[in-house]
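Asks: Any chance you can model this:
(4 chains, ligands or ions: 2)
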Amino acid sequence: MKEIVTEAKSLGTVELRIPSKAEWVAVARLTVAAIANRLPFTVEDIEDLKLAIAEACTYVIHASSGADTIDIICDTGPADLTIRVRDRGAIHPEAAPRRPAGGSVEGLGIFLIQALMDEVKHTPEGDSGGELIMTKRVGS
Amino acid sequence: MKEIVTEAKSLGTVELRIPSKAEWVAVARLTVAAIANRLPFTVEDIEDLKLAIAEACTYVIHASSGADTIDIICDTGPADLTIRVRDRGAIHPEAAPRRPAGGSVEGLGIFLIQALMDEVKHTPEGDSGGELIMTKRVGS
Amino acid sequence: MDIKVNVRESGGDAYVVELGGEIDVYTSPKVKDAITELIDQGHYNLVINLEKVRYIDSTGLGVLIGGLKRVREHGGSVNLVCTNPQIRKIFDITGLVKIFGIYDDETEAQKALV
Amino acid sequence: MDIKVNVRESGGDAYVVELGGEIDVYTSPKVKDAITELIDQGHYNLVINLEKVRYIDSTGLGVLIGGLKRVREHGGSVNLVCTNPQIRKIFDITGLVKIFGIYDDETEAQKALV
Ligand SMILES: Nc1ncnc2c1ncn2[C@@H]1O[C@H](COP(=O)(O)OP(=O)(O)O)[C@@H](O)[C@H]1O
Ligand SMILES: Nc1ncnc2c1ncn2[C@@H]1O[C@H](COP(=O)(O)OP(=O)(O)O)[C@@H](O)[C@H]1O
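Replies: Ligands and ions are numbered 1, 2, ... in the order given. Below is the predicted model of the structure:
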C-alpha cells in the first residue's frame, strides 16, 4: 500500500480496527468523537464526523468483499482531522450520485460523507483494497 | 510475540493504537467504554473498566521506555471483556505494593487495576516489550 | 447502541411509531420490523416521532423512505416529528425534507395526515 | 478531556478549590498547579470540592495526596467534598478514606477544618 502523504503536521495518529459488522460501528463513532473532542471542533462538527465515519463503516459492511475488519486511521493536525477507512474491499465514492434522491441507501451514505466532510478522496483498489480518506477542518 | 490463548469464545476483537502521551488516554477510556457497552455490564462496571484502562495507559506513559504508541486489544466474550495493553516497554504489576499506602502513584494505579478487574496477568518483557492482560466478567 | 421503538394507535386510523436512541446500521432493522408490521396489518397513515432520537444514519433514512414508499402505494402517508437540529440538518442536506412532512410536534404531524 | 479549577477564599483562612470534569494524567497538572500556588502563598487549610468531578485516576489521587503532605508539614489539612459514589469507591478501595476527611457538603468540610 502506497504511503499517504498528510499535508499538515500531525499531532498524533490513532488507529482503530473493528470487526466488519454492524454492531461495532457505534464503537468507531464514539472513538472518532473522542478524538475529535481533542480539537476545537464544535458539537455540530463532532456530530458530522460521527455520521461520516459511521457511513464509511456501513458502506464497507454492505459492500462486504469478505474482509473481516475495518481499519480506521485518524490523523489529527492542529486544526483538522483526517480519517482513513480501509478494508480488503473497495470504496468508490465517485460511484455515488451527485444528488441522492432516488439513489440507493449506499449512495445516500456516500453523499452524506461528501456533504459533511471538507475533503473526500479515495485511493484505487489494489491488492490490499481501496481506501477512503476524508478530512474535516476546524471552523470550516 | 507469543500468541495469547483466549479462554472464552471471542465475539469480536477491537484494536486501538494511541500515541503514548497523556492527552490520548481519554480516547482509550472512551473506546473501552463503547466496547464494554456492547456487553451487559453495569454502569459501575464500565466506570471500573475506564479507570483500569486509563491506569494501564498512564503506567505505560510514566514507565516510558521510548515507545511511541500504546496498543490496546479488546476481546469481547459473551460475558467478559479482556483487554491487553502493550508497549515496547515493560509493565510489571507484581512490582506493585500489596497495599498502596505509602507507595508511589504508579503503584496506586496498578493496585487499582488489580482491585477493579477480575483477572490481571502479564507476560514477561521480551524483545517486543511486556503485555498487561486484564479481564472483567459480567456480574462478578 | 440503544433503540427504543414504541407503537401506539392514535386518532382516526393513524398509528404513531415513537423512536428513541440511535438509529444506525445495527439498530435500524428493529425500526424496519415495526414499520413493516404496521403496514402488513393495513395501517397506511403513520406518524414517526423522532423527538427522542439522538442519531440517525443513511440506513435509518432508508427505512423511513422504504416505509413511505410502501404506504404511498396504498394511498397513505408518513409524517415525521423532528425537533433535533442535527437530525433536521440531515433531512435538509439529503433533500428528504421535500419528500416527508416534517413537524415540530406530534399533534401537528397527526393533523396533517388527514 | 475537560477540567475546571475554581479557587476561592472562604471563612477563616481556609480556601476552597472547586474542581469539575475529569482529573486524569492529562488534566491533573492543572489541579496540581492550583493547589501548589495556594500552598506557596501560605494557605494550609484547604477544602477540595470534588462534587462536579466525574472521574479521577491515580494521578489525580497523587495530586491530592501530595497537597495533603505539604499542608501537613505546616500544620494544615485538606478536607474533601465528594458525593459521587464511583469516586468515593476509589477512595475506599485505596484506603485514602483514612487519610482524608471526606464530607458530603462544602459547609461540613469547612467546619471540620478548624
Ligand atoms: N435520497 C433519496 N430519496 C429518495 N429515495 C431514496 C433516497 N436514498 C435512497 N432512497 C431509496 O430508499 C429505499 C430504501 O433503501 P434500501 O433500504 O436500500 O431498499 P430496500 O428496503 O428495498 O432494500 C430504496 O428504494 C432507495 O431507492
Ligand atoms: N495510597 C497512598 N497512600 C499514601 N500516599 C500515597 C499513596 N499512593 C501514593 N502516595 C504518595 O503520593 C505522593 C504523590 O505522588 P507523586 O505525584 O508520584 O509524588 P511527587 O508529587 O512527589 O512527584 C507521593 O509522595 C506518594 O508516595
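
Asks: Next, the angle from the helix or strand where A:Ile18 lies to strand B:12-19.
Replies: Using DSSP states H and E, A:Ile18 sits in strand A:12-19. Angle, strand A:12-19 to strand B:12-19, by axes from the mean of the first three to the mean of the last three C-alpha atoms, to 10 degrees: 180 degrees.

Asks: helix, strand or coil for the closest residue to chain D within chain C?
Replies: Closest residue of chain C to chain D, C-beta to the nearest C-beta: C:Arg54 (19.5 Å). Using the backbone N, CA and C atoms, a C-beta is placed for each residue, glycine as well. With DSSP: H, G, I helix; E, B strand; the rest coil as the basis, C:Arg54 sits in strand.

Asks: just checking, it touches C:Glu22?
Replies: Yes: if you go by C-beta atoms under 8 Å, C:Arg54 and C:Glu22 touch, sitting 5.9 Å apart.

Asks: Which one of the two is surrounded by more residues?
Replies: C:Glu22 (22 against 14; other C-beta atoms under 10 Å in any protein chain shown).

Asks: now that one, nearest residue through space, not along the chain?
Replies: Excluding the flanking residues, the one nearest C:Glu22 by C-beta to C-beta, 6 or more residues apart in numbering or on different chains is C:Tyr55, at 4.2 Å.

Asks: Check A:Val14 too.
Replies: A:Cys74 (4.7 Å).

Asks: quick one: secondary structure of the residue most central in space within chain C?
Replies: Nearest residue to the geometric centre of chain C (C-alpha atoms, centre = their mean): C:Ile48, 3.1 Å. Of the three states, C:Ile48 takes strand under three-state DSSP.

Asks: wait, what's in contact with it?
Replies: Shown in contact with C:Ile48 (C-beta atoms under 8 Å, 6 or more residues apart in numbering or on different chains): C:16-17, C:19, C:35, C:64, C:67, C:78-81.

Asks: mind running it again at 6 Å?
Replies: C:17, C:80 (C-beta atoms under 6 Å, 6 or more residues apart in numbering or on different chains).

Asks: now the one 4 residues further on
Replies: For C:Lys52, the set of contacting residues under the criterion of C-beta under 6 Å, 6+ apart consists of C:Gly20.

Asks: D:Gly60 versus that one, what's the distance?
Replies: 35 Å (C-beta to C-beta, to the nearest Å).

Asks: Now residue 35. Nearest residue, chain neighbours left out?
Replies: Answering for chain A, as no chain was given. Leaving aside its sequence neighbours, A:Ile35 sits nearest to A:Cys74 (C-beta to C-beta, 6+ apart; 5.0 Å).

Asks: sorry, should have said chain C
Replies: Using C-beta to C-beta, 6+ apart, the nearest residue to C:Ile35 is C:Gly67, at 4.3 Å.

Asks: pLDDT score for the one you found?
Replies: On pLDDT, C:Gly67 comes in at 97.

Asks: re the thing from before, give the other helices and strands that the strand holding A:Ile18 contacts.
Replies: helix A:25-36, strand A:69-76, strand B:12-19 (3 or more C-beta pairs under 6 Å, 6 or more residues apart in numbering or on different chains; DSSP states H and E).

Asks: Just give me how far that strand sits from the chain centre.
Replies: Mean C-alpha position of strand A:12-19 versus that of the full chain (C-alpha atoms, centre = their mean, to the nearest Å) differs by 12 Å.

Asks: What pairs with it, parallel or antiparallel?
Replies: Sheet partners assigned to strand A:12-19 using DSSP bridges are listed as strand A:69-76 (antiparallel), strand B:12-19 (antiparallel).

Asks: what's the closest of the ones you listed to ligand 1?
Replies: Closest of the strands paired with strand A:12-19 to ligand 1 is strand A:69-76, at 20.1 Å (criterion: C-beta to the nearest ligand atom).

Asks: what pLDDT, on average, does the closest one get?
Replies: 96.

Asks: what's the answer for stretch C:23-32, then?
Replies: For stretch C:23-32, mean pLDDT is 96.

Asks: can the lengthiest helix in chain A be found next to chain C?
Replies: Under DSSP state H, the helix in chain A containing the largest number of residues is helix A:43-62. Yes: using C-beta under 6 Å from any C-beta of the partner chain, helix A:43-62 reaches chain C at A:47, A:54-55, A:58.

Asks: Which pLDDT value belongs to residue 15?
Replies: Since no chain was named, I'll use chain A. Reported pLDDT for A:Glu15: 97.

Asks: my bad, the chain I had in mind was chain C
Replies: Confidence score, pLDDT, at C:Tyr15: 96.

Asks: in the sheet, who's paired with it?
Replies: C:Glu9, C:Leu46.

Asks: distance of the residue nearest to C:Glu22 from A:Leu132?
Replies: From C:Tyr55 across to A:Leu132, the span is 21 Å (C-beta to C-beta).

Asks: neighbour count winner among these two?
Replies: Per other C-beta under 10 Å, whichever of C:Tyr55 and A:Leu132 has more neighbours is A:Leu132, with 25 against 21.

Asks: how about A:Gly139, secondary structure?
Replies: Per three-state DSSP, A:Gly139 ends up coil.

Asks: Could you report the neighbour count for it?
Replies: 9.

Asks: backbone phi and psi for it, please?
Replies: Backbone torsions of A:Gly139, given as degrees, to the nearest 10, read phi 70, psi 20.

Asks: and A:Ile18, what are its bridge partners?
Replies: A:Ile70.

Asks: is it true that it touches B:Val14?
Replies: Yes: A:Ile18 lies in contact with B:Val14 (C-beta atoms under 6 Å); the separation is 5.3 Å.

Asks: circling back: how many neighbours does the residue nearest to A:Ile35 have?
Replies: A:Cys74: 25 neighbours (other C-beta under 10 Å).

Asks: And for A:Ser10?
Replies: 13.

Asks: still on that earlier bit, which of the residues of helix A:43-62 next to chain C lies closest to chain D?
Replies: When these are compared for distance to chain D (C-beta to the nearest C-beta), A:Glu47 wins out at 17.1 Å.

Asks: Report how many residues lie close to the closest one.
Replies: Neighbours of A:Glu47 (other C-beta under 10 Å): 23.

Asks: Per-residue pLDDT of it, please?
Replies: A:Glu47 is given a pLDDT of 97.
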